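Colleague: give the three-dimensional model of this entry:
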Amino acid sequence: MQFRDDSYYISKVLHGDVNAFSFLVEKNKRMAYTIALKLLNSPEDAEEIAQDAFVKAFQSLQTFKGECKFSTWLYKIVYHEAISRLRKKHLEVISIDDHFSNFDMQETDHFLTQLNIEEQKSLVRTAIDRLPAEERAIITLYYLNESSVKEITVITGDSEANVKIKLFRARKRLWELLKYRFEDKIIEQYEEK
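Modeller: Residues are numbered from 1 along each chain as shown. So this is what the prediction gives:
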(Lines give C-alpha, C1' and ligand atoms only; values in the text may rest on other atoms or scores of the structure.)
Protein backbone atom coordinates (compact mmCIF):
# COMPACT_ATOMS: atom_id res chain seq x y z
CA MET A 1 0.00 0.00 0.00
CA GLN A 2 1.36 3.40 -0.96
CA PHE A 3 0.79 6.12 1.62
CA ARG A 4 0.62 9.86 1.22
CA ASP A 5 2.48 12.27 3.44
CA ASP A 6 1.28 12.27 7.06
CA SER A 7 0.24 15.92 6.84
CA TYR A 8 -2.39 14.97 4.25
CA TYR A 9 -4.09 12.50 6.64
CA ILE A 10 -3.73 14.83 9.62
CA SER A 11 -5.42 17.64 7.68
CA LYS A 12 -8.27 15.32 6.64
CA VAL A 13 -8.82 14.18 10.25
CA LEU A 14 -8.76 17.75 11.55
CA HIS A 15 -11.36 18.70 8.91
CA GLY A 16 -13.77 15.97 9.98
CA ASP A 17 -12.70 12.86 8.06
CA VAL A 18 -11.93 10.65 11.09
CA ASN A 19 -11.47 7.61 8.82
CA ALA A 20 -8.26 9.15 7.49
CA PHE A 21 -6.65 8.41 10.86
CA SER A 22 -6.75 4.71 9.97
CA PHE A 23 -4.04 5.38 7.36
CA LEU A 24 -1.80 6.87 10.06
CA VAL A 25 -2.46 3.81 12.21
CA GLU A 26 -1.69 1.43 9.36
CA LYS A 27 1.49 3.30 8.51
CA ASN A 28 2.86 3.34 12.09
CA LYS A 29 1.33 0.37 13.92
CA ARG A 30 4.23 -2.03 13.48
CA MET A 31 6.88 0.30 14.95
CA ALA A 32 4.55 1.52 17.72
CA TYR A 33 4.03 -2.09 18.76
CA THR A 34 7.75 -2.88 18.44
CA ILE A 35 8.78 0.02 20.67
CA ALA A 36 6.25 -0.99 23.32
CA LEU A 37 7.31 -4.63 23.07
CA LYS A 38 10.99 -3.78 23.47
CA LEU A 39 10.19 -1.81 26.61
CA LEU A 40 7.63 -4.14 28.17
CA ASN A 41 8.72 -7.53 26.88
CA SER A 42 5.08 -8.62 26.83
CA PRO A 43 3.12 -8.92 23.57
CA GLU A 44 -0.21 -8.35 25.30
CA ASP A 45 0.98 -5.24 27.14
CA ALA A 46 2.70 -3.95 24.00
CA GLU A 47 -0.47 -4.30 21.94
CA GLU A 48 -2.50 -2.53 24.62
CA ILE A 49 0.03 0.31 24.91
CA ALA A 50 0.19 0.76 21.12
CA GLN A 51 -3.61 0.94 20.94
CA ASP A 52 -3.77 3.38 23.85
CA ALA A 53 -1.12 5.54 22.19
CA PHE A 54 -3.12 5.71 18.96
CA VAL A 55 -6.23 6.69 20.90
CA LYS A 56 -4.29 9.43 22.71
CA ALA A 57 -2.76 10.61 19.45
CA PHE A 58 -6.19 10.79 17.84
CA GLN A 59 -7.69 12.65 20.80
CA SER A 60 -4.88 15.20 20.89
CA LEU A 61 -4.16 15.46 17.16
CA GLN A 62 -5.16 19.12 17.17
CA THR A 63 -2.17 19.78 19.50
CA PHE A 64 0.29 18.29 17.01
CA LYS A 65 2.29 21.29 15.80
CA GLY A 66 4.31 19.60 13.09
CA GLU A 67 7.65 20.53 14.69
CA CYS A 68 8.70 16.91 14.23
CA LYS A 69 7.42 14.05 12.12
CA PHE A 70 4.06 12.59 13.14
CA SER A 71 5.74 9.21 13.70
CA THR A 72 8.22 10.77 16.13
CA TRP A 73 5.37 12.43 18.02
CA LEU A 74 3.43 9.16 18.12
CA TYR A 75 6.45 7.10 19.23
CA LYS A 76 6.99 9.60 22.04
CA ILE A 77 3.47 8.82 23.25
CA VAL A 78 4.13 5.07 22.96
CA TYR A 79 7.45 5.37 24.77
CA HIS A 80 6.04 7.35 27.69
CA GLU A 81 2.99 5.10 27.99
CA ALA A 82 5.23 2.04 28.13
CA ILE A 83 7.58 3.64 30.68
CA SER A 84 4.56 4.50 32.82
CA ARG A 85 3.39 0.90 32.61
CA LEU A 86 6.85 -0.30 33.62
CA ARG A 87 6.85 1.99 36.64
CA LYS A 88 3.41 0.80 37.66
CA LYS A 89 4.48 -2.81 37.46
CA HIS A 90 7.73 -2.05 39.30
CA LEU A 91 9.58 -4.40 37.00
CA GLU A 92 13.09 -5.10 38.16
CA VAL A 93 15.80 -4.11 35.71
CA ILE A 94 19.04 -5.97 36.28
CA SER A 95 22.24 -4.20 35.32
CA ILE A 96 24.73 -6.40 33.52
CA ASP A 97 27.61 -3.91 33.79
CA ASP A 98 29.15 -5.87 36.65
CA HIS A 99 29.00 -9.16 34.79
CA PHE A 100 31.09 -8.05 31.84
CA SER A 101 34.41 -6.41 32.56
CA ASN A 102 36.50 -7.41 29.53
CA PHE A 103 35.05 -5.72 26.48
CA ASP A 104 36.53 -6.39 23.05
CA MET A 105 34.20 -5.37 20.22
CA GLN A 106 36.59 -6.52 17.47
CA GLU A 107 36.81 -10.01 18.94
CA THR A 108 33.03 -10.24 19.13
CA ASP A 109 32.69 -8.95 15.57
CA HIS A 110 35.13 -11.66 14.44
CA PHE A 111 32.99 -14.31 16.19
CA LEU A 112 29.84 -13.08 14.46
CA THR A 113 31.37 -13.22 10.99
CA GLN A 114 31.87 -16.96 11.47
CA LEU A 115 28.09 -17.52 11.71
CA ASN A 116 25.60 -17.75 8.88
CA ILE A 117 23.06 -14.91 8.48
CA GLU A 118 20.18 -16.72 10.22
CA GLU A 119 22.37 -17.62 13.21
CA GLN A 120 23.54 -14.00 13.40
CA LYS A 121 19.96 -12.67 13.33
CA SER A 122 18.87 -15.13 15.99
CA LEU A 123 21.76 -14.23 18.29
CA VAL A 124 21.18 -10.50 17.82
CA ARG A 125 17.44 -10.81 18.56
CA THR A 126 18.18 -12.84 21.69
CA ALA A 127 20.80 -10.35 22.85
CA ILE A 128 18.51 -7.34 22.24
CA ASP A 129 15.78 -9.03 24.28
CA ARG A 130 18.21 -9.32 27.21
CA LEU A 131 18.99 -5.60 27.29
CA PRO A 132 17.28 -3.38 29.88
CA ALA A 133 13.94 -2.05 28.63
CA GLU A 134 14.98 1.51 27.79
CA GLU A 135 18.08 0.33 25.95
CA ARG A 136 16.03 -2.19 23.94
CA ALA A 137 13.74 0.64 22.89
CA ILE A 138 16.56 3.01 21.97
CA ILE A 139 18.39 0.32 19.95
CA THR A 140 15.12 -0.50 18.18
CA LEU A 141 14.41 3.15 17.39
CA TYR A 142 17.94 3.84 16.17
CA TYR A 143 18.64 0.72 14.15
CA LEU A 144 15.29 -0.77 13.17
CA ASN A 145 13.28 2.43 12.79
CA GLU A 146 16.35 4.41 11.68
CA SER A 147 15.37 7.31 13.93
CA SER A 148 18.00 9.97 14.36
CA VAL A 149 19.45 10.83 17.77
CA LYS A 150 17.48 14.08 17.62
CA GLU A 151 14.22 12.20 16.98
CA ILE A 152 15.00 9.84 19.86
CA THR A 153 15.48 12.85 22.16
CA VAL A 154 11.98 14.01 21.22
CA ILE A 155 10.53 10.54 21.82
CA THR A 156 12.29 9.83 25.13
CA GLY A 157 12.59 13.33 26.54
CA ASP A 158 16.29 12.69 27.21
CA SER A 159 19.02 15.12 26.20
CA GLU A 160 21.00 14.40 23.04
CA ALA A 161 24.08 13.61 25.14
CA ASN A 162 22.08 11.19 27.29
CA VAL A 163 20.68 9.40 24.21
CA LYS A 164 24.22 9.03 22.82
CA ILE A 165 25.43 7.64 26.15
CA LYS A 166 22.52 5.18 26.28
CA LEU A 167 23.22 4.11 22.69
CA PHE A 168 26.89 3.58 23.50
CA ARG A 169 26.08 1.54 26.62
CA ALA A 170 23.43 -0.47 24.80
CA ARG A 171 25.85 -1.27 21.96
CA LYS A 172 28.53 -2.26 24.46
CA ARG A 173 26.13 -4.55 26.36
CA LEU A 174 24.82 -5.95 23.11
CA TRP A 175 28.32 -6.84 21.90
CA GLU A 176 29.18 -8.41 25.25
CA LEU A 177 25.99 -10.45 25.23
CA LEU A 178 26.73 -11.58 21.69
CA LYS A 179 30.28 -12.51 22.61
CA TYR A 180 29.22 -14.64 25.56
CA ARG A 181 26.33 -16.18 23.64
CA PHE A 182 28.69 -17.11 20.83
CA GLU A 183 31.13 -18.70 23.27
CA ASP A 184 28.25 -20.78 24.68
CA LYS A 185 27.44 -21.93 21.13
CA ILE A 186 31.05 -23.04 20.55
CA ILE A 187 31.02 -25.01 23.81
CA GLU A 188 27.73 -26.68 22.81
CA GLN A 189 29.18 -27.67 19.43
CA TYR A 190 32.35 -28.98 21.05
CA GLU A 191 30.42 -31.09 23.56
CA GLU A 192 28.30 -32.60 20.78
CA LYS A 193 31.41 -34.03 19.08
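Colleague: quick one: pLDDT of the closest residue to A133 other than its chain neighbours?
Modeller: Distances taken as Cβ to Cβ, 6 or more residues apart in numbering put L39 closest to A133, at 4.6 Å, once the chain neighbours are dropped. In this view, the C-beta of every residue, glycine as well, is placed from N, C-alpha and C. As predicted, L39 sits at a pLDDT of 88.
Colleague: which helix or which strand is home to L39?
Modeller: Assessed by DSSP states H and E, L39 sits inside helix 21-40.
Colleague: tell me which residues are up against stretch 66-80.
Modeller: 6-7, 10, 24, 27-28, 31-32, 35-36, 39, 49-50, 53-54, 56-57, 64, 137, 141, 145, 147, 151, 154-157 (Cβ atoms under 8 Å, 6 or more residues apart in numbering).
Colleague: thinking again about what came up before, next, the buried residues of the helix holding L39.
Modeller: Under the neighbour-count criterion of 16 or more other Cβ atoms under 10 Å, helix 21-40 has 21, 23-25, 27-29, 31-40 buried.
Colleague: which residues touch F64?
Modeller: I10, A57, F70, W73.
Colleague: for the first one, give me the pLDDT.
Modeller: Among the per-residue scores, I10 holds a pLDDT of 91.
Colleague: ok, it touching L61?
Modeller: Yes - the pair I10 and L61 passes the contact test of Cβ atoms under 8 Å, sitting 6.5 Å apart.
Colleague: any idea which helix or strand comes after the worst-scoring helix or strand of the chain on mean pLDDT?
Modeller: Sorted by mean pLDDT, DSSP states H and E, the helices and strands of the chain end with helix 105-113, the least confident at a mean of 53. Per DSSP H and E, the first helix or strand lying C-terminal to helix 105-113 is helix 117-129.
Colleague: could you give the mean pLDDT of that next one?
Modeller: On average, helix 117-129 scores 77.
Colleague: any idea of the angle it forms with helix 21-40?
Modeller: With axes from the mean of the first three to the mean of the last three Cα atoms, to 10 degrees defining the directions, helix 117-129 sits at 80 degrees from helix 21-40.
Colleague: next, the buried residues of helix 117-129.
Modeller: Using 16+ other Cβ under 10 Å as the test for burial, helix 117-129 gives L123, V124, A127, I128.
Colleague: quick one: contacts for the second one?
Modeller: So that's V124. By Cβ under 8 Å, 6+ apart, the contact set of V124 is L174, L178.
Colleague: how far away is it from R171?
Modeller: Distance from V124 to R171, counting by Cβ to Cβ, to the nearest Å: 12 Å.
Colleague: kindly report the same for the first one.
Modeller: Using Cβ to Cβ, one obtains 15 Å as the distance from L123 to R171.
Colleague: quick check, nearest of the contacts of F64 to S84?
Modeller: Checking the contacts of F64 against S84 by Cβ to Cβ gives A57 as the nearest, at 15.5 Å.
Colleague: how close does the closest one sit to A161?
Modeller: 28 Å.
Colleague: just the strands in this protein please.
Modeller: Ranges of strands within the chain: none, based on DSSP state E.
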